[in-house]
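# sharing a model prediction with you, sequence too.
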Amino acid sequence: MTLFEQHQLPCILESRLSKRYQTLIMEHMTVNSSNAPGVKSLRHHTQSWASTQATWRFYHNEDVTFPMLSGPMLGLARSGVKESQSRYVLMAHDWCHINFAKHHSKLDKTKMSHALDVGYELQASLLVDANTGAPIAPAGNFSISRGRVGFLEHQRA
């Protein structure tokens, strides 16, 4: 049973891409030590470069679109809201500004408040059960870089 079937989530990617997407999700769910440099590769990737290359190919595949990638997350949010015993849920928002003024290899930085204040803006939203305070699911992401705004709209569950 796949991760998507197990949680009754929609995934309209072809079988090969669906398997890679599940691998990416599982890699992000694996806990690393606090000083680890990045996402931990799963056991079947003997070299971290193989995992990096497979991830790059996945994200650069023209059949992989943002709505397809966000579908399972929104499905999880919808089912989590329905299962909640609370009359309503809360949505917590987090915003941060990442300054990369001295990081010259980052070419897509955007100017924030002044010429030396350059980098990225990131925003995330999390649905929270009003009775227990337990997280239900991520509900939205938003990022700003030069010439590009990436977002996942908050949709009613």
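On my side now, so go ahead.
# Leu24 reaches Thr55, doesn't it?
Yes: Leu24 is within contact range of Thr55, at 6.4 Å (criterion: C-beta atoms under 8 Å). Backbone N, C-alpha and C define where each C-beta goes, glycine included.
# could you point out which element follows the helix or strand hosting Pro67?
Element membership of Pro67 [criterion: DSSP states H and E] is helix 66-83. Next in sequence after helix 66-83, counting helices and strands by DSSP H and E, comes strand 89-99.
# what lines up beside the next helix or strand along the chain from that next one in the sheet?
For strand 89-99, the following helix or strand on the C-terminal side (DSSP H and E) is strand 110-111. Sheet pairing of strand 110-111 (DSSP bridges) gives strand 118-129 (antiparallel).
# for the strand it pairs with, buried residues please.
Val118, Gly119, Tyr120, Leu122, Ala124, Ser125, Leu126, Leu127, Val128, Asp129 (16 or more other C-beta atoms under 10 Å).
# so the residue nearest the centre of the chain bridges to which residues?
Among the residues of the chain, the one closest to the centroid is Asn141, at 7.3 Å (C-alpha atoms, centre = their mean). On the basis of DSSP bridges, Asn141 is bridged to Ala124.
# quick check: pLDDT value at it.
On pLDDT, Asn141 comes in at 75.
# quick check: it vs Glu121, distance?
Shown here: Asn141 relative to Glu121, a distance of 12 Å by C-beta to C-beta, to the nearest Å.
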